[in-house]
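Trainee: Need a 3D model of the sequence below.
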Amino acid sequence: MHRLRTTVVRLRPIAAPQTAKSQTQARLAAVGGALRTFQPMRSYTASVSAEPFLNGTSSNYVEEMYYAWLENPRSVHKSWDIFFRNANAGAPPGAAYQSPPPLGLANAQAMVGVQPNVEKLVEDHLAVQSLVRAYQVRGHHIAKLDPLDISVVDFDEAPVMVGLKKVEFYGLDESDLDKVFRLPTTTFIGGSESTLPLREIIQRLEMAYCQSIGVEFMFINDLEQCQWIRQKFERPGIMQFTLEEKRTLLARMVRSTRFEEFLQRKWSSEKRFGLEGCESLIPALKTIIDKSSMNGVESIIMGMPHRGRLNVLANVIRKELDQIFCQFDSKLEAADEGSGDVKYHLGMWHRRINRVTDRNITLSLMANPSHLEAVDPVVQGKTKAEQFYCGDTEGNRVMSILLHGDAAFAGQGVVYETFHLSDLPSYTTHGTIHVVVNNQIGFTTDPRVARSSSYPTDVAKVVNAPIFHVNADDPEAVMYVCNVAAEWRATFHKDVVVDLVCYRRNGHNEMDEPMFTQPLMYKQIKKQKGVLQKYAEKLIVEGAVTRQEYEEEIAKYDKICEEAHARSKDEKILHIKHWLDSPWPGFFNMDGQPKSMTSPSTGLTEEELGHIGHIASSVPVEDFTIHGGLSRILKGRAAMVGQRVCDWALGEYMAFGSLLKEGTHIRLSGQDVERGTFSHRHHVLHDQNVDKRICIPMNHIAPNQAPYTVCNSSLSEYGVLGFELGFAMASPNALVLWEAQFGDFHNTAQCIIDQFICPGQAKWVRQNGIVLLLPHGMEGMGPEHSSARPERFLQMCNEDPDAYPKFSAEEFAVRQLYDCNWIIVNCSTPANYFHVLRRQILQPFRKPLIVFTPKSLLRHPDAKSNFDDMLTGTHFQRLIPDSGPVCEKPDGVKRIVFCTGKVYYELTRERKNRGMDNTVAIARIEQLSPFPFDQVKVETDRYPNADLVWCQEEHKNQGYYDYVKPRLRTTVDRTRPVWYAGRGPAAAPATGNKAAHLVELQRFLDTAFNLDAFTGQS
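Mentor: Numbers count the residues shown, from 1 in each chain. Now for the predicted structure:
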């Protein structure tokens, strides 16, 4: 649209009615039946200075008048009619305006003024436009959002210039309140009317923006979305509910409230993190689910903190009440493997009929730790996976709902990380509905010292998510905004936030005393009438229900609870499997056990290796120009395939390609994974001449292969690792990998590792096969680019270092894998890396796999594998024994050095230089957890006269030593000591000085090969 400032200078002489007719439907100025329907044609032949009132923003108003006049000359004031006619007729600049002829008394009273001053008229209409915008931008500041009426929201004491008594701020006065003004196209308060008196304009804006709902949306930079929201909240009478809707809402409020009251009566001294003070959360969630089901959603994945969790399980997910009540029985015995978790952390999966839509819906509430907001990216990852597996590319069938607390939503950085995944191609879930249970307090911390932003929801603005604040003591307003939120998500597939402004009737938990720290707030809370009582009284007064019907509804639900409580007393055993949030139908036996306990060969045929190698070294797309350096890399790969060897990148290619060919989806995610941090992978090729044209050769392995997803992530570890963990939960038949840019950086995702990956199966009986690729190795690159902290992963293994496992030789390896909480490897050959990746899918159960991946070995001439090590019948080697000259005379071997990873190549080089190939054996422990006791025993027995040394490049208080030493001692039944060769204890993982690094390296190599180094030590 052109800026009008030219409209009132020389306009092309045309007849207004004909113009309107000929150009109808050429311009759609607003959403939902706006009046403007054309784009007028104008010529620019005169200076704007000829009409001095046409400057600044006044041109916008004149443009509106002109459009209205073209549509219908009678719709504007007579003075404007004359002005536009004269301008069209060719009146010289400055002479287009004429005073209108005298009017009759009746007409005069209907007009804004008898002899209006056009400039004043323009200014007044602009003032009204500014007033409308003020309500849209800042009406939420004075909305009645706080049920306690003690709002702690800080708006920097900025006055809000709205209301009948503040019109002077806009250049209007009280005499203007009854004047009629034309409404701008940016508001819908008029409904079918295009003009309203100022008094009515203000009253309607007050009703739209300053009651129980506060809307933040004017920061959104999409006009269509803003207009959509304006319609939803501004149209007169839009918040009307049927009698049936009100009665349903009351019934849901009864269930929400009476559930908490029942728990309080029965178990008054138990922690349950009840919902008192925000009982409207239950109808809020059910409204979102109903509306989403109506829009075609079939599956909803939810994540939430502890507050109200039992109520959500009971009244939203519909977990059997007796299963919830029996959790309060202290004598209940655990039947499943693992340690279990407290009742307000458990998850649930349930498929049921939605009673409102009569459609099937699957609801999954994810189990989560006490670490607030940690579950957010996990939910998003699982949602993305379910969308992927059912081909839901727009998010029409699967969606997520995330519940938050106010303090955590503002305080936890993972919230921001998760928001920033929301619109990334490989991470978007096409819109999440966020519901904030805004207690206006965090444990004991006042919001005024807990956040710098006005609202706890301000973080959502970074992705242009609209924010609907609502007084949780107004259930109808809550229901309305939840309907709008569900419609927004269905319409625009973007995030939206519902901020339930409520209070917490008890302390942080039922045993906590809040009066210590919030005395005034809790004095007010004690006076506060419950929301159910308030809403029931409102409906009784309206005649929507009778008091008897209300009391019958209460009695009906109380009876349901009592009957469930009676049944719960019969429960003697706790089955954690009943609380599983991610079942894998068909993967296990009916009793949840693996279908077999054998691990098949992970090798491939020569033909398969050759075919995948050919794909890895070619560009399977025509007319695709790759970088010259990449051409050399692909030629190098082709040469290796011809020589039947592979390096690290090619070994990975073989594993991925073969699994894809077998129908296993693979998803590799992380920072820079498409190329690889060390420029070794190159799974995505870029055309050097066409922007954004890419080729992924891995998707050209076979016609019916599974898809390969490889995606560079945002620069986040916590959020992205959580996302990939959630993705891996959805199906056991996918290989999901997350690679750290350097292994050192995984500790910013420590919460996901410590609370989900390591203990997930023990707490929630939930297996997961996620793979973590962590580049690790002392390369002289300094303390932040050297260590993936293997000691931390090894410390968390559930294996007993002092007990030799009692398994048969045939089952030893697979039984160890089945019993462990995760698998930790440090492979020294591409073939072993190839095998461990394939084993991850081919074994009959799922365990997390932690791989300490190399850096210098990616291009080390000795770190290559022959195809013979990858052929059919070969397996992953948990330990690689020394196959050199030491095998000929094992009795003459003086020392056996155990090691893992790349230090093996430094040890072999040093041994060769010293000519000690016959006296020192070197064995590589490739799988650290579970520890290969049986294979280590074979090696120690083979060299009876050798002393035992553990050699590592890491510092003594880091790395593997403290983990390996007691296990080696157990293996030899403590008959021989285990000596240490490596760097000494240190606070930092590595030195930052290259020379110091080399000195340290030579020092521990000297120790490893000095056969007298430990003489005299005990």
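Trainee: so how far is Tyr653 from the spatially closest residue to Leu715 that is not a sequence neighbour?
Mentor: Counting by Cβ to Cβ, 6 or more residues apart in numbering, Leu715 lies nearest to Gln671, which is 6.0 Å off, once chain neighbours are set aside. All C-beta spots, glycine's among them, are computed from the backbone N, C-alpha and C. Using Cβ to Cβ, to the nearest Å, we find Gln671 at a distance of 20 Å from Tyr653.
Trainee: cool, Arg252 as well?
Mentor: 55 Å.
Trainee: And those two? Which one has more around it.
Mentor: Tyr653 (26 against 22; other Cβ atoms under 10 Å).
Trainee: quick one: that one and Ser617 touch, right?
Mentor: No - Tyr653 is not in contact with Ser617 according to Cβ atoms under 8 Å; the separation is 9.1 Å.
Trainee: tell me the contacts of Ile595?
Mentor: I think there's a mix-up here, since residue 595 is Lys and not Ile. The contact partners of Lys595, by Cβ atoms under 8 Å, 6 or more residues apart in numbering, come to 587-589, 844.
Trainee: how many neighbours does Lys331 have?
Mentor: Applying other Cβ under 10 Å, I find that Lys331 has 6 neighbouring residues.
Trainee: Next up, the contacts around it.
Mentor: Residues counted as contacts of Lys331 (Cβ under 8 Å, 6+ apart) are Lys572.
Trainee: Which of the three states applies to it?
Mentor: Following DSSP: H, G, I helix; E, B strand; the rest coil, Lys331 is assigned to coil.
Trainee: Distance check, it against His345.
Mentor: The gap separating Lys331 from His345 is 20 Å, by Cβ to Cβ.
Trainee: go on, Arg909?
Mentor: Using Cβ to Cβ, one gets 51 Å for the distance from Arg909 to His345.
Trainee: Neighbour count: these two, which is higher?
Mentor: Neighbour count, other Cβ under 10 Å: between Arg909 and His345, His345 has more, with 18 against 12.
Trainee: taking the mean pLDDT, what do you get for whatever helix or strand Glu261 lives in?
Mentor: According to DSSP states H and E, Glu261 maps onto helix 243-266. The average of the pLDDT scores along helix 243-266 is 95.
Trainee: ok, now stretch 991-1001?
Mentor: The pLDDT scores in stretch 991-1001 average 94.
Trainee: quick one: that stretch to chain centroid distance?
Mentor: Here stretch 991-1001 is found 41 Å from its chain centre; the criterion is Cα atoms, centre = their mean, to the nearest Å.
Trainee: likewise stretch 531-550?
Mentor: Distance of stretch 531-550 from the chain centroid (Cα atoms, centre = their mean) equals 40 Å.
Trainee: Residues in contact with it: which ones?
Mentor: Counting by Cβ under 8 Å, 6+ apart, stretch 531-550 makes contact with 147, 243, 246-247, 249-250, 253-254, 256-257, 279-280, 472-473, 475, all of which sit outside it.
Trainee: wait, which of those residues is closest to Phe812?
Mentor: Proximity of the contacts of stretch 531-550 to Phe812 (Cβ to Cβ) peaks at Ser256, which lies at 53.5 Å.
Trainee: How about the contacts made by that closest one?
Mentor: Per Cβ under 8 Å, 6+ apart, neighbours of Ser256: 275, 279-283, 311, 315, 532.
Trainee: The same query, at a cut-off of 6 Å, please.
Mentor: Contact analysis of Ser256 by Cβ atoms under 6 Å, 6 or more residues apart in numbering lists 279, 282.
Trainee: Please report how far it lies from Thr357.
Mentor: Note on Ser256: its distance to Thr357, by Cβ to Cβ, is 21 Å.
Trainee: How about Ala87?
Mentor: Ala87 sits 57 Å away from Thr357, going by Cβ to Cβ.
Trainee: Going through the contacts of stretch 531-550, which ones are buried?
Mentor: Buried members of these, counted by 16 or more other Cβ atoms under 10 Å: 147, 246-247, 249-250, 253-254, 256-257, 279-280, 472-473, 475.
Trainee: Out of the residues you listed, which is nearest to Leu849?
Mentor: Nearest to Leu849 among the buried ones among the contacts of stretch 531-550 is Ser256, at 42.8 Å by Cβ to Cβ.
Trainee: Quick check: that closest one vs Ser292, distance?
Mentor: Ser256 is 19 Å from Ser292, by Cβ to Cβ.
Trainee: Measure how far stretch 623-634 is from the centre of its chain, please.
Mentor: 36 Å.
Trainee: Flag every buried residue along that stretch.
Mentor: Those would be 624, 626, 630, 633-634, for stretch 623-634 by 16+ other Cβ under 10 Å.
Trainee: May I have the phi/psi pair for Val398?
Mentor: With angles defined as degrees, to the nearest 10, Val398 sits at phi -130, psi 130.
Trainee: Would you agree it is in contact with Gln387?
Mentor: Yes - contact status for Val398 versus Gln387: in contact at 4.7 Å, counting by Cβ atoms under 6 Å.
Trainee: which stretches of the protein have low pLDDT?
Mentor: 1-60, 88-116, 152, 154-160, 162, 165, 334-338, 344, 576, 1018 (pLDDT under 70).
Trainee: Spatially central residue in it, please.
Mentor: With distances taken as Cα atoms, centre = their mean, the chain has Pro377 as the residue nearest its mean C-alpha position (3.2 Å).
Trainee: Mind telling me what element it is part of?
Mentor: For Pro377, the host element (DSSP H and E) is helix 375-389.
Trainee: do Asp623 as well
Mentor: Per DSSP H and E, there is no helix or strand for Asp623.
Trainee: which residues does Asn509 contact?
Mentor: For Asn509, the contact set (Cβ under 6 Å, 6+ apart) comprises 271, 273.
Trainee: That one and Met304: what is the separation?
Mentor: Using Cβ to Cβ, Asn509 is found at 16 Å from Met304.
Trainee: Next: Glu608.
Mentor: Distance, Glu608 to Met304, using Cβ to Cβ: 46 Å.
Trainee: When the two are compared, which one has more neighbours?
Mentor: Legend: neighbour count by other Cβ under 10 Å for Glu608 and Met304, higher for Met304 (26 against 19).
Trainee: is it true that that one touches Leu403?
Mentor: Yes - with contact defined as Cβ under 6 Å, Met304 counts as touching Leu403 (3.6 Å).
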